[in-house]
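In: coords please:
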Amino acid sequence: MVNKKELAKAISEKSGNIMKKHPLTIYESKKVVDAITASITELLVQDGKIQMIDFGTFEKKTRASRGGFNPQVGERIQIPEKTVPTFKAGKGLKEAVKLKKKK
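Out: Okay, the predicted model is just below:
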């Protein structure tokens with residue numbers, strides 16, 4: 001599992017390949033990660049769907065209310081309707097993971 005700090009480090013290293021004169025520092029990369037996650041969150045709340053070709057689609061979906069069971073007290077409960085974020089991987093991401101698994 002990779003955490004935010006390790007992701008920022010990987011972005012910093014990749015930026016050296018892209019921006020040879022001024023690669024991003026790990027601190028700057030962390031700010032980029034924070035900006036991306038904040039933007040995805042805001043846009044998902046506003047528009048309900050973010051599609052990035054070959055990577056995937058973030059979408060908010062509504063789960064219907066349903067019955068459930070509380071094992072602590074042994075009674076049936078009603079679970080209310082709620083909106084949840086979902087992610088569906090795109091073809092490019094699926095292929096990259098599939099190829100990595102085979103190696």
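
In: Tell me who's in contact with Val84.
Out: Lys60, Lys61, Thr62, Arg63 (C-beta atoms under 8 Å, 6 or more residues apart in numbering). Where you see a C-beta, it was placed from the backbone N, CA and C, and this is true even at glycine.

In: Could you do Ser15 as well?
Out: Pro23, Leu24, Ser29.

In: I'd like the distance from it to Met52, if you could.
Out: The gap separating Ser15 from Met52 is 19 Å, by C-beta to C-beta, to the nearest Å.

In: Tell me the spacing between the one residue sitting closest to the centre of the chain and Ile50.
Out: With distances taken as C-alpha atoms, centre = their mean, Phe87 lies nearest the centre of the chain, 6.9 Å away. Separation of Phe87 from Ile50 (C-beta to C-beta): 10 Å.

In: shared neighbours of those two, which are they?
Out: What both Phe87 and Ile50 touch, as defined by C-beta under 8 Å, 6+ apart, is the set Thr57, Phe58, Glu59.

In: what about the strands in the chain?
Out: 49-52, 56-63, 66-70, 75-79, 82-89 (DSSP state E).

In: As CSV, the ones you listed with mean pLDDT would be great.
Out: Formatted as CSV, these follow (pLDDT from 0 to 100):
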stretch, mean pLDDT
strand 49-52, 94
strand 56-63, 95
strand 66-70, 93
strand 75-79, 94
strand 82-89, 95
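
In: Including distance to Lys98, could those strands go into JSON lines?
Out: Formatted as JSON lines, these follow (distance: least, C-beta to C-beta, whole Å):
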{"stretch": "strand 49-52", "distance to Lys98": "18"}
{"stretch": "strand 56-63", "distance to Lys98": "14"}
{"stretch": "strand 66-70", "distance to Lys98": "34"}
{"stretch": "strand 75-79", "distance to Lys98": "35"}
{"stretch": "strand 82-89", "distance to Lys98": "10"}
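
In: who wins for proximity to Ala8 among those?
Out: Proximity to Ala8, assessed across those by C-beta to C-beta, is greatest for strand 49-52 (19.7 Å).
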